[in-house]
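> Got a predicted model here, sequence first, then my questions.
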Amino acid sequence: MIYGANEFILNNKKSTTSDTSFLNPFWVDSPSKNNPKTKIKKITKVVLKWLKLLIYAFLLLMGLWGCFQSMAEPETKTSVILGQGLEFGYLPFMGVTDPRYVLSTNGLSQGLGWYGYSIDRFSFDYGPFYAFFVWPGASLVLSIMYPLRDAWGGMNALLAIFVLLFIIRVITLLISIRSSIQTERMQEIQGKQAEINAKYKGLKDRESVAKKQQELKELYAKYDAKPFASFEQIFITLPIFLIVYRVVTILRPLKACALFGIWDLSQTPMNQIFSNLTNGGWVYIFFILIVIPVQIVSQKLPQILSKKRSRNSVAISKKGNDQIKKTKTIQNVMMVFLIFIVVSSATGIGLYWFLSSLFSIAQTLIIHKLIMNKRKKGNTKKTNKIAKELGIDL
């Protein structure tokens with residue numbers, strides 16, 4: 001049989017390739033598989049995959065730890081009152097006399113407070129989340145705010161939170177861009193994806209399930225879409241939010257700061273509006289009217305630009321259209337939830353969301369520009385190739 005196959009190849013004029021690896025028995029690896037570079041690439045790919053999974057698992061664990069830590073450890077609870085709750089600042093004997101930055105003993109006498117911790121103190125006394133994430137962030141903000149402590153209207157706080165957020169955004173930029181691009185690709189094919197799901201709806205036999213998975217796999221490969229890549233942003237967003245939340249609520253100078261002299265960063269807009277409306281709480285209405293529209297724009301802009309870039313996001317069937325409506329409903333619910341967080345959390349958190357929304361808008365516009373330029377170059381190359389095949393000189 002092998003001799004006949006070899007004779008056929010030698011006599012076939014179209015078979016001019018010297019690669020006869022397919023004639024080898026199935027238990028013999030092809031030369032490409034034995035190539036050291038190929039093996040190194042495979043090993044590197046597996047190592048990077050597991051490393052990424054470990055990093056995401058660690059971030060998720062830290063996020064959950066930071067979220068529920070106060071329930072299990074009362075000493076980590078915060079307070080809007082200076083000297084109470086968990087605080088971060090300078091020790092009295094470090095030569096700092098400004099009461100907004102010096103830790104007092106009021107909280108210590110009640111078993112609370114961060115008395116004994118200074119900007120240069122690193123410890124696991126309050127767990128790894130505070131040690132690895134909150135302490136660096138609080139140290140950075142404090143080191144910016146103190147030299148500029150005489151700035152008008154809390155502008156030093158605004159600058160410090162902006163710098164903290166900028167550094168975090170730079171660190172997570174590649175993941176954010178990757179997640180945004182993959183989210184768009186999934187939106188572009190969700191109509192086709194819904195059609196495949198509808199085609200095999202109710203079919204639970206092994207053959208139908210296998211066919212469905214194969215069609216979805218081919219669809220993802222065609223558009224270079226990775227269904228779970230868009231969820232990478234979740235593993236980054238949760239820890240970032242909790243880091244900034246803890247920094248804002250424990251940092252002593254932020255608790256004593258009033259932005260532009262009217263918005264106390266430690267107070268909650270909702271509480272101020274409903275319980276202190278006539279006694280200065282009304283100014284927080286303007287804070288909400290500034291923050292929420294920017295947040296809505298940051299949520300809606302990616303959808304608008306994505307629709308502008310591609311018509312594939314429009315469903316080609318009723319099932320696809322229903323899927324898109326469900327997706328938009330989920331996005332709207334999430335947006336309402338984020339708005340609720342802004343109005344029910346400390347004003348410093350609202351300031352964070354405002355700056356974060358500005359970063360998101362800028363990132364969305366940059367990604368849109370990059371995609372359009374890449375698409376334009378791709379169309380130019382395709383046009384030149386067709387013209388060359390037709391013998392047209394452009």
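In hand now; what should we look at? Model, not experiment: these values are computed from the prediction. Residues are numbered from 1 along each chain as shown.

> Next, the distance between the ends of stretch 251-262.
Terminal residues of stretch 251-262 lie 19 Å apart, using C-alpha to C-alpha, to the nearest Å.

> What are the contacting residues of it?
80-82, 87-89, 99-103, 138, 141-142, 145-146, 149, 152-154, 157-158, 247-249, 264-266, 280, 283, 347-348, 351 (C-beta atoms under 8 Å, 6 or more residues apart in numbering). Just so you know, the C-beta spots here come from the backbone N, C-alpha and C atoms, and that holds for glycine as well.

> so where do the helices sit in the stretch 1-150 of the chain?
Applying DSSP state H, counting those that start in this stretch to the stretch 1-150 of the chain gives helices spanning 2-11, 31-34, 36-72, 106-109, 128-129, 135-145.

> Can you tell me which helices and strands the fifth one packs against?
Packing partners of helix 128-129 (3 or more C-beta pairs under 8 Å, 6 or more residues apart in numbering; DSSP states H and E): helix 36-72.

> Buried ones among the contacts of stretch 251-262?
82, 87-89, 100-103, 138, 141-142, 145-146, 154, 157-158, 247-249, 264-266, 283, 347-348, 351 (16 or more other C-beta atoms under 10 Å).

> Would you map the strands across the stretch 51-200 of the chain?
With strands called from DSSP state E, counting those that start in this stretch, the stretch 51-200 of the chain shows none.

> got any ranges where it has weak pLDDT?
104-120, 184, 187-188 (pLDDT under 70).

> Repeat the analysis, applying 50 as the threshold.
106-116 (pLDDT under 50).

> And the helices in the stretch 151-300 of the chain?
Here the stretch 151-300 of the chain has its helices, by DSSP H, counting those that start in this stretch, at 155-171, 173-199, 206-222, 232-250, 252-255, 269-275, 283-309.

> among the ones you listed, which is the most enclosed?
helix 252-255 (a mean of 26; mean count of other C-beta atoms under 10 Å).

> same question for that helix, mean pLDDT?
The predicted model assigns helix 252-255 a mean pLDDT of 88.

> Nearest approach to residue 189 belongs to which of the helices of the stretch 1-150 of the chain?
helix 36-72 (23.6 Å; C-beta to C-beta).

> Buried residues, that closest one. List them.
56, 59, 62-63, 65-66, 69.

> quick check, nearest of the residues you listed to residue 332?
Nearest member of the buried residues of helix 36-72 to residue 332, counting by C-beta to C-beta, is residue 63, at 24.1 Å.

> Just give the nearest non-adjacent residue to that closest one, would you?
residue 238 (3.9 Å; C-beta to C-beta, 6 or more residues apart in numbering).

> is it true that that neighbour touches residue 60?
Yes: applying C-beta atoms under 8 Å, one finds residue 238 in contact with residue 60, separated by 7.2 Å.

> for residue 145, what are its contacts?
101, 156-157, 160, 253-254.

> No further queries at this time; thank you.
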